[in-house]
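> what shape does this take:
(2 chains)
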Amino acid sequence: MQTEPMAEQLELFGCIQCGKCTGGCPVARKTVLNIRGLIYNMLVEPEVDVNAHPELWDCTCCFNCIERCPKDVRPAELIISLRGQLVESGRIPETIGAALMGIFRQGNPSGMAREDRAAWINGDLTGFPKPVRSAQEGCETLYFVGCYPSYDPRVQVVPRALVRAFTTAGLDFGILGTKESCCGNEVRRMGEAGLFEMLVEENGELIRSVGASRLVTTSPHCFNTFKNEYGLDGMEVLHYTQLIAELIEQDRLKFSHPPNLPGREAEGKVTVTYHDPCFLGKQNHIFDEPRAILKAIPGVKLVEMDRSRERSLCCEGGGGRMWVEGTNLEERLAFQRVHEAAETGAEVLAVACPFCLLTLEDAVKVQGLDDRLQVMDIMEIVDLVL
Amino acid sequence: MRLYNDQRQMTNDKRQVTNPQSAIGAVLVIGGGIAGIQAALDIADAGYKVYLVEREPSVGGRMAQLDKTFPTLDCSSCILTPKMVDVGQHPNIELMTYSEVVSVGLVDWETGELVDGGTQESTDQPANLPTFRVRVRKKPRYVDVDKCTGCGLCAAACRMKGRVISRFDEGIVKRSAIYVPFPQAVPLKYTVDPTACLYLTRGRCGKTFLCKEACPAGAIDFEQQEEFVDLEVGAIIVATGYDLIDPRLKPEFAYGVYPEVMTGIEFERLSSASGPTMGEITVNGKEPKDVVFIKCVGSRDPHAGVPYCSRVCCMYTAKHAHLVRDKIPDARITVFYMDVRAFGKGYEEFYDRVKHERVLYRRGEPAEVYRRGDKLVVLAEDTLLGKPIEVEADLVVLATAVVPRTDAAEVAALLGLERSPDGFFQEAHPKLRPVDTQMDGVFLAGCCQGPKDIPDTVAQAKAAASSALGVLARRQRKMANDQGQ
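Have a look, this model is predicted:
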């Protein structure tokens, strides 16, 4: 592949090779992925063989490099562009291909049937009216559920909890139901620009047609792309933590008793530590609202991990990593992260992202920490005290 | 021709100004750091009157905060304080410390009337330019400077002793509500901090004023009011200095989270023999064995709002590395760099010397600092090795960007100054008129025009003084010519 057109298009010439990108890359320690080196190659070599870089799939798109680059070079966009070349040539890991195909055909990376997308509603949802309103009937707040929250049994508790919370607070909300399709955040990051464009167009049209003034998502990934990449002018785009924190502040949600954690005796107190998801924290600077929610729950003692907020350690779930292990030779970052959480003395590791939830919970089990650490989405905790 | 045995003799031997109150023979210097001090001395030695207005209780500015200066390793106070004393004693310098300029008006110096404000176009006849009427607010010290001997008994007795953050010491240590900023202050007069004094903030200080009781000279006077003085001057030199960027804008370095992470200026105070630790470099009560210096914190970073290079950090970091080596011979010292800019006289040689002192320069801008047990860990890529590295540290020093003072906009508005895109005051021409401004008769000196080291600051101060003297001389000659007709 000729390097010059891409180098020019991505404005790589401004790079001073300071190395802050590779230095802060969470996976650089465990793979040969060296983004600074890749940029340098793009500048000095006339051609680059994209196929010789399988480590391109290791990037989690945490965007540490973009956030920290002093010269605004946006290193991760090079990775996305190079992935685009691989996608076009068809030489991609099988599992990535499967995820993309699932999104294209059935609107979700697991390739599960489109018509089952709203099946999560049929869980145990006592105390609120069924069915959940369809957004097309008109609503103030459009709740975009997302693929994993819709289909993955472990994650489905989160949208149910959100629906309970929204209803308790008297929010005027609706969902797209089976019309909802993958937001495409990961699609763009996996390099499938064409599919992403299609999703932006179709989803964008659908979302606008609802006429809601606000859009709220379960996942920070959906939130990120709707807020920053979709161009939904005139709509307020929120992650659920922002909305729930707002409802608490407006006294529309009140918590009267401490949570009774499943499988543990009621103690009236629980120590919780919060893991900042990359797509919510680092990239969109939302650190305080999730913490405000936790602090509003009686009996919750919030402790911080050393690497919190902007220095939070990526769980390795983003950038397509849910569907590819990559060339990583050493242990997953999630293992390190759950040990960091356990070290704080916390009993609960709270998260606000479906990918963090799955990867960190997996890590807790594999690392044998499940007797002392539980991974829960913030809404799971809120659900216990509503 | 007279030979002077020392500088002080020279400053005492000069022509008296014929009409010191008149604008014809007076210059206002705003800012009492080394730039303002040097400009004031040059003008005063030439026989003209100088009003030196300084907002802090003492002159000295940033240079007074420094330990040693590069590349000579001169003790900063040792070379600065004689000039501070000169400025305090010079018959032609009216030193107005703890004072601020509040308004500047243009005056037609022939009629003595204020003219409409606005920038003057340069004309062929600079002697016809308006002069300036300046209103200065003298802030109340609540101490009678004629009675105060600087003995310090008040500060020792103060109820707030050890509880007020010392800005001069960059927050490393706390002082009393009545204070001098540092022991070599000029003037050595105590000042009551109105934001910290219990009486001034809450209306009462226990049952009695401990400071008043302790003062043998009866110098403390809480009835003091601010005073306003109007000055007539023929030229103004702006020497208001600089600030440093808040390192919390780069949260990856965890400043404010870890006590072991500090800025370069904080390190100066730690290393200074007259500083809070008497020059002992200790962190968490212990001598650091692993010291890491990170340069370009905020500088060269449009992302952080500072696209320019701060010019002094490469050299002061080398100096800091040297100071650590000097005081902690077995320390492991690493300097992370993107570039090393050692451009001045003796600078490259100094950099060589520092490296030979076993200071390891590693190329790569660190990405993050986090804690591992007792140590901090600095994450970076060594770009010359091409791989990510971790370096343990007991102390991390951040070379933070030099930025315009937070009130630069107000000062610019006061004086009709333009600001460059980087926020510093704009010179009339970047190459050919480096000390002039768009406002005739107003000149710039020192870091308020842009980051620079002490040699360049002094050179610019002397240039500004010479330019100001030129304005005065042209007016004097015109006056003489007119009188002769």
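> going forward, measure contacts and count neighbours with C-alpha atoms only.
Noted.
> phi, psi of residue 295?
No chain specified, so I'll use chain A. phi -70, psi -20 (degrees, to the nearest 10).
> not what I meant, chain B
Torsion angles, degrees, to the nearest 10, at B:K295: phi -100, psi 170.
> also the one 3 residues further on?
Summarising the backbone geometry of B:G298 under the convention degrees, to the nearest 10, its torsions are phi 100, psi -30.
> the residue in the stretch 201-350 of chain A that chain B sits nearest to: what's it in contact with?
Nearest to chain B in the stretch 201-350 of chain A, going by C-alpha to the nearest C-alpha, is A:R311, at a distance of 6.0 Å. Applying C-alpha atoms under 8 Å, 6 or more residues apart in numbering or on different chains to A:R311 gives the contacts A:282, B:251-252, B:368.
> repeat for B:E266
Per C-alpha under 8 Å, 6+ apart, neighbours of B:E266: B:169-170, B:172.
> please repeat the previous calculation with a cut-off of 6 Å.
B:E170 (C-alpha atoms under 6 Å, 6 or more residues apart in numbering or on different chains).
> ramachandran angles for it?
Taking degrees, to the nearest 10 as the convention, B:E266 sits at phi -70, psi -40.
> so how far is chain A from it?
24 Å (C-alpha to the nearest C-alpha, to the nearest Å).
> and what of B:A40?
In terms of C-alpha to the nearest C-alpha, B:A40 sits 40 Å off from chain A.
> pull the contacting residues for the closest residue to that residue other than its chain neighbours.
Using C-alpha to C-alpha, 6 or more residues apart in numbering or on different chains and skipping residues adjacent in sequence, the residue nearest B:A40 is B:V50, 6.1 Å away. Counting by C-alpha under 6 Å, 6+ apart, B:V50 makes contact with B:26-28, B:93.
> go again with 7 Å.
B:26-29, B:40, B:43-44, B:92-94 (C-alpha atoms under 7 Å, 6 or more residues apart in numbering or on different chains).
> tally of neighbours for B:I294?
25 (other C-alpha atoms under 10 Å in any protein chain shown).
> that one in helix, strand or coil?
strand (DSSP: H, G, I helix; E, B strand; the rest coil).
> one more: B:F228?
Applying three-state DSSP: B:F228 is strand.
> wait, doesn't it sit right on B:P140?
No - here B:F228 does not reach B:P140: they are 10.7 Å apart, not a contact under C-alpha atoms under 7 Å.
> now the helices for the stretch 151-300 of chain B?
Taking DSSP state H, counting those that start in this stretch, the helices of the stretch 151-300 of chain B run over residues B:153-157, B:198-202, B:210-214, B:264-271.
> hmm, I typed the wrong one, I wanted the stretch 151-300 of chain A.
Counting by DSSP H, counting those that start in this stretch, the helices of the stretch 151-300 of chain A are A:157-168, A:185-189, A:193-210, A:220-228, A:240-249, A:288-295.
> in TSV: those, plus distance to B:G450 and mean pLDDT.
TSV is the format used below for the helices of the stretch 151-300 of chain A (distance: least, C-alpha to C-alpha, whole Å; pLDDT from 0 to 100):
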stretch	distance to B:G450	mean pLDDT
helix A:157-168	54	93
helix A:185-189	42	98
helix A:193-210	45	97
helix A:220-228	36	98
helix A:240-249	42	98
helix A:288-295	37	98
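> dump those to a markdown table, plus distance to A:V27 and mean neighbour count.
Shown next, in a markdown table, are the helices of the stretch 151-300 of chain A (distance: least, C-alpha to C-alpha, whole Å; neighbours: other C-alpha atoms under 10 Å in any protein chain shown):
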| stretch | distance to A:V27 | mean neighbour count |
| --- | --- | --- |
| helix A:157-168 | 29 | 21 |
| helix A:185-189 | 16 | 23 |
| helix A:193-210 | 24 | 17 |
| helix A:220-228 | 19 | 22 |
| helix A:240-249 | 28 | 20 |
| helix A:288-295 | 26 | 19 |
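> surely A:F355 and A:G319 touch.
No - in terms of C-alpha under 7 Å, A:F355 does not count as a neighbour of A:G319; the distance is 10.7 Å.
> returning to what we had before: more crowded one of B:F228 and B:P140?
B:P140 (20 against 15).
> can you tell me the closest non-neighbouring residue to that one?
B:E226 is the one closest to B:P140 (C-alpha to C-alpha, 6+ apart), at 4.9 Å.
> that neighbour: what's it in contact with?
B:137-140.
> quick revisit: between the helices of the stretch 151-300 of chain A, which gets nearest to B:V164?
helix A:288-295 (30.0 Å; C-alpha to C-alpha).
> for the helix or strand just after that closest one, what is the distance to the chain centroid?
Counting by DSSP states H and E, the next helix or strand C-terminal to helix A:288-295 is strand A:300-303. Offset of strand A:300-303 from its chain centre (C-alpha atoms, centre = their mean, to the nearest Å): 23 Å.
> stretch A:170-182 now?
That offset, for stretch A:170-182, works out to 19 Å (C-alpha atoms, centre = their mean).
> and B:K289, what's its pLDDT?
On pLDDT, B:K289 comes in at 98.
> same check, this time on B:M10
36.
> and what of A:G263?
Reading off the model, A:G263 has pLDDT 68.
> pull up the gap between B:V291 and A:E197, please.
50 Å (C-alpha to C-alpha, to the nearest Å).
> ugh, wrong one, I meant A:T31
31 Å.
> CSV for the helices of the stretch 151-300 of chain A, including distance to B:P82?
Putting these into CSV (distance: least, C-alpha to C-alpha, whole Å) gives the following:
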stretch, distance to B:P82
helix A:157-168, 71
helix A:185-189, 63
helix A:193-210, 68
helix A:220-228, 59
helix A:240-249, 59
helix A:288-295, 52
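> need the residues of chain A near chain B, please.
Residues of chain A lying near chain B by C-alpha under 7 Å from any C-alpha of the partner chain: A:18-20, A:22-24, A:28-29, A:70-72, A:306-307, A:310-311.
> who wins for neighbours among the residues you listed?
Neighbour tally across those (other C-alpha under 10 Å): the maximum, 33 neighbours, falls on A:T22.
> what helix or strand is that one on?
Per DSSP H and E: helix A:20-24 holds A:T22.
> so what does that helix touch, helix or strand wise?
Here helix A:20-24 touches helix A:35-44, helix A:64-68, strand B:375-382, going by 3 or more C-alpha pairs under 7 Å, 6 or more residues apart in numbering or on different chains; DSSP states H and E.
> any chance of those in CSV, with mean pLDDT and distance to A:L86 too?
Below are those laid out as CSV (pLDDT from 0 to 100; distance: least, C-alpha to C-alpha, whole Å):
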stretch, mean pLDDT, distance to A:L86
helix A:35-44, 97, 15
helix A:64-68, 96, 22
strand B:375-382, 98, 27
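> one step back: could I get the contacts of B:E226 as CSV with secondary structure and pLDDT?
Below are those laid out as CSV (DSSP: H, G, I helix; E, B strand; the rest coil; pLDDT from 0 to 100):
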residue, secondary structure, pLDDT
B:R137, strand, 97
B:K138, strand, 97
B:K139, coil, 97
B:P140, coil, 97
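> quick check: what element follows the helix or strand of chain B with the lowest mean pLDDT along the chain?
Least confident element among the helices and strands of chain B, by mean pLDDT, DSSP states H and E: helix B:7-12 (a mean of 38). Next helix or strand after helix B:7-12 toward the C-terminus (DSSP H and E): strand B:26-30.
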